[in-house]
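*Asks:* need a structure here:
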Amino acid sequence: MRLGIIAKLTVREAQRRRLLWVALGLGAAFIALFSVGFHFVHQEIITQHGMVSRAETQVFANFFLTAGLYVINFLSVMMAVLTSVGTLSGEISSHTIQSLAAKPIRRWEILLGKWVGYAGMLAAYMAGLSSGILLVVYLISGYAPENWLGTIGFLVLEGWVVLTVSILGGTFLSTIANGVLALMLYGIAFVGGWVEQIGSLMGSEAAINIGIITSLLLPSEALWRRAAYLMQPALIRSLPANPFGTASVPSPAMVVYAGLYVLALLGAALWIFARRDL
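*Replies:* Just a heads-up that it's a prediction; the model follows:
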């Protein structure tokens, strides 16, 4: 199928530009650094406090695991934007897209093929890094969250949300403007998520509503908070506040909205790209 060929070419292009290898190298370095840090901190706690209870082990290990996944979450968003930001806009401005569009390939196959290629790379990258630190935490402390598979799934979906925003922007914006749009939307969603968290702790409906509105604008932060909540044991969920807390937990309806969000933006991208003068 021609869509699959475009997806393979997209992956090869990422390899040729060494984006994939740089991302893999930095990911491996992060896992190595996380492993060393977690090992020594875990040993220090055991040395100073002796045998700790199972509940205390869960709290300690979950805190480090959540912090590691938080970094991976940020790296995946950056990878989604930086790899795809110029995939359409750059090829349109340089007229290289004409070599594909002039052949018996439909424009929707070009766009969807590129999206599938980047989405596959992003999913593999996220799953690999997340599984890596999950394994590290389990081997060192014996702790594994119950809903780890669902957590990875939500993080992958978050990456796809940002990727789709970047693909859509590439159909009508320049490369620089598209990058600014994607990163600014992510920044707004990030700040809005924290505003909603603080508003939930303080009982401020206005702050909570601001967070909900920003989640509708870009549901990336909402997906992260849902993933973090599923991964946390009951003891941490009962805490009033923590650096990676979930005082305001997005509902399953927000997950459905995120999936529809991706489909809607892909549809808009297909519509604009099909009508754009190349």
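
*Asks:* where do the helices sit along the protein?
*Replies:* Ranges of helices within the chain are 2-16, 19-49, 54-84, 89-93, 98-101, 107-141, 148-170, 175-202, 205-217, 220-231, 234-237, 252-275, based on DSSP state H.

*Asks:* and the residue positioned nearest the centre of the chain, what does it touch?
*Replies:* Compute the mean C-alpha point of the chain, and by Cα atoms, centre = their mean the closest residue is residue 159, 3.3 Å away. With contact taken as Cβ atoms under 8 Å, 6 or more residues apart in numbering, residue 159 is in contact with 76-77, 79-80, 122-123, 126. C-beta: built from backbone N, CA, C; applies to glycine.

*Asks:* can you list the helices of the chain in JSON lines and add mean pLDDT?
*Replies:* Formatted as JSON lines, the helices of the chain follow (pLDDT from 0 to 100):
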{"stretch": "helix 2-16", "mean pLDDT": "81"}
{"stretch": "helix 19-49", "mean pLDDT": "85"}
{"stretch": "helix 54-84", "mean pLDDT": "84"}
{"stretch": "helix 89-93", "mean pLDDT": "76"}
{"stretch": "helix 98-101", "mean pLDDT": "68"}
{"stretch": "helix 107-141", "mean pLDDT": "92"}
{"stretch": "helix 148-170", "mean pLDDT": "93"}
{"stretch": "helix 175-202", "mean pLDDT": "88"}
{"stretch": "helix 205-217", "mean pLDDT": "88"}
{"stretch": "helix 220-231", "mean pLDDT": "87"}
{"stretch": "helix 234-237", "mean pLDDT": "64"}
{"stretch": "helix 252-275", "mean pLDDT": "93"}
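
*Asks:* that older thread, wait, which of the contacts of residue 159 is closest to residue 57?
*Replies:* residue 126 (26.2 Å; Cβ to Cβ).

*Asks:* just checking, that closest one touches residue 74?
*Replies:* No: assessed by Cβ atoms under 8 Å, residue 126 is found out of contact with residue 74, at 11.6 Å.

*Asks:* so which of the two has more stuff around it?
*Replies:* residue 126 (26 against 13; other Cβ atoms under 10 Å).

*Asks:* OK, contacts around the more buried one?
*Replies:* Contacts of residue 126 (Cβ under 8 Å, 6+ apart): 72, 76, 152, 155-156, 159.

*Asks:* how many other residues sit next to residue 68?
*Replies:* By other Cβ under 10 Å, the residues close to residue 68 number 24.

*Asks:* quick check: closest non-adjacent residue to it.
*Replies:* residue 133 (4.3 Å; Cβ to Cβ, 6 or more residues apart in numbering).

*Asks:* much appreciated, bye for now.
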